[in-house]
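Participant: let me see the structure of the following:
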Amino acid sequence: MMRIPTGLLVALAGLLLLCALPAQEVVGQSQTPVTVEDRAAAEQRFAQGLRFAAAEDWQKAAPIFEELLKQYPTSMEVANNLAVVLFHLGRIDRTQEILAGILEGNEETRTSFRNLQLLYGYLTAEAYRQGMGDPKRSRRPTMLLKQTLFAKTGPPEDGEVAVAPPVVRATASAATVPPSVDPRPVELEGVQQRLMAWAAAWSQGEVDRYLAFYRSDYAPHGKSRLSWLRERRAKVYPARKISVEVVVKEMNPVGGEGDGMQKVRTLFVQRYQAGGYQDLTLKRILWSRQGDTWLIEEEETVPSP
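Facilitator: I've put the predicted structure just below:
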């Protein structure tokens with residue numbers, strides 16, 4: 001059995017925040033300065049920090065955004081940019097803390113939500129790489145910087161540009177590929193939420209809720225549905241201490257899209273722990289839409305290369 005690195009356990013545990021994250025006190029709605037002069041001065045400093053970040057001078061960008069966050073502690077724009085800068089400085093724990101603090105489910109958090117997903121994907125790929133003994137470094141993901149200090153009307157992503165990550169050695173191994181970001185986030189976000197809820201139901205031993213994620217005709221290869229149901233009910237129950245955590249690597253629509261997205265295939269890393277046993281596997285699930293929900297049509301473990 002493969003020994004699981006501590007770093008991976010930390011990364012996977014943090015992913016649970018994406019399913020049920022309580023409101024944080026770190027940052028909330030963007031705060032507007034009292035005077036026009038204050039606003040102008042802050043915007044100048046904000047722009048200066050952006051210039052340093054664009055030049056990848058993270059050491060100079062960090063204190064600017066740190067100071068702005070002290071001045072405007074509820075600014076999501078400042079907090080997001082500080083998190084990106086600290087990530088490039090290797091301060092992963094602080095990056096995680098800041099990004100988690102600005103996720104409260106509203107439109108203005110989309111950029112930080114995406115950055116947090118990328119961060120967990122990077123941590124998982126890096127820990128998985130170390131566990132497999134791969135000497136090559138994982139590719140750092142491209143995070144997004146907010147380009148305006150004060151909120152403007154219009155689409156939440158307006159004016160945002162990607163900042164290229166530092167050049168590092170990359171590998172073509174599937175374990176080091178960062179999570180895919182599809183241009184149709186609304187549909188795929190619903191599938192990802194279903195995947196996280198499926199893992200949560202399994203972890204909590206709520207067998208009826210867990211089984212409800214599968215289609216009524218679901219049966220794994222080589223088993224009847226009845227034998228599969230009996231097996232799952234015997235293994236999934238509240239008294240059993242189970243932990244199931246997942247990190248999404250890919251989410252891909254399947255088939256035609258004339259009538260809207262009907263099927264999505266997800267590839268993810270699953271960490272399972274029960275009692276003294278634990279394992280780490282790569283799994284694939286095919287989701288199919290039924291009405292206004294997504295159900296599991298196929299589930300399989302991807303063989304190790």
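Participant: host element of the nearest residue to residue 69 once chain neighbours are set aside?
Facilitator: Among residues not flanking residue 69 along the chain, residue 78 sits closest, at 4.9 Å (CB to CB, 6 or more residues apart in numbering). No exception for glycine: its C-beta is placed from N, CA and C like everyone else's. When secondary structure is defined by DSSP states H and E, residue 78 falls within helix 76-88.
Participant: do residue 189 as well
Facilitator: Taking DSSP H and E as the definition, residue 189 sits inside helix 185-203.
Participant: one more: residue 288?
Facilitator: strand 277-290.
Participant: who are the packing partners of the following helix or strand past that strand?
Facilitator: Next helix or strand after strand 277-290 toward the C-terminus (DSSP H and E): strand 293-302. Applying 3 or more CB pairs under 8 Å, 6 or more residues apart in numbering; DSSP states H and E, one finds that strand 293-302 contacts helix 185-203, strand 263-274, strand 277-290.
Participant: if we go to 6 Å?
Facilitator: strand 277-290 (3 or more CB pairs under 6 Å, 6 or more residues apart in numbering; DSSP states H and E).
Participant: now do the strand it packs on: distance to the chain's middle.
Facilitator: Centroid separation for strand 277-290 versus its chain: 16 Å, with CA atoms, centre = their mean, to the nearest Å.
Participant: and the gap between the residue nearest to residue 69 and residue 148?
Facilitator: 11 Å (CB to CB, to the nearest Å).
Participant: so which of those two has more stuff around it?
Facilitator: residue 78 (30 against 15; other CB atoms under 10 Å).
Participant: pLDDT score assigned to the more buried one?
Facilitator: Residue 78 is assigned 90 on the pLDDT scale.
Participant: cool, and the one 4 residues further on?
Facilitator: With respect to pLDDT, residue 82 scores 94.
Participant: surely residue 88 and residue 58 touch.
Facilitator: Yes: under the criterion of CB atoms under 6 Å, residue 88 makes contact with residue 58 at 4.6 Å.
Participant: circling back: which other helices and strands does the helix holding residue 78 contact?
Facilitator: Using 3+ CB pairs under 6 Å, 6+ apart: helix 76-88 touches helix 58-71, helix 92-101.
Participant: so which of the ones you listed is the most surrounded?
Facilitator: With neighbours taken as mean count of other CB atoms under 10 Å, the helices and strands packed on helix 76-88 reach their highest mean count in helix 92-101, at a mean of 20.
Participant: what's the angle from that one to helix 76-88?
Facilitator: Angle, helix 92-101 to helix 76-88, by axes from the mean of the first three to the mean of the last three CA atoms, to 10 degrees: 160 degrees.
Participant: so how far is the helix or strand following helix 92-101 from its chain's centroid?
Facilitator: Following helix 92-101 in sequence order, the next helix or strand is helix 110-131 (DSSP H and E). With CA atoms, centre = their mean as the basis, helix 110-131 stands 7 Å off its chain's centre.
Participant: just the angle between helix 110-131 and strand 263-274, please?
Facilitator: Relative orientation of helix 110-131 and strand 263-274, computed by the same axes, to 10 degrees: 60 degrees.
Participant: quick check: residue 143 touching residue 115?
Facilitator: Yes: applying CB under 6 Å as the test, residue 143 and residue 115 come out as touching, 4.7 Å apart.
Participant: so the two - more neighbours on which side?
Facilitator: Higher neighbour count among residue 143 and residue 115: residue 143, with 26 against 22, using other CB under 10 Å.
Participant: tell me how far the most centrally placed residue in the chain lies from residue 281.
Facilitator: Residue closest to the average C-alpha location in the chain (CA atoms, centre = their mean): residue 117, at 2.3 Å. Distance of residue 117 to residue 281, computed by CB to CB: 20 Å.
Participant: ok, and what's touching the helix holding residue 78?
Facilitator: Defining contact as CB atoms under 6 Å, 6 or more residues apart in numbering, one finds that helix 76-88 is touched by 27, 30, 53, 58, 61-62, 65, 68-69, 72, 94-95, 98-99, 102, 108, 111-112, 143, 145-146, 149.
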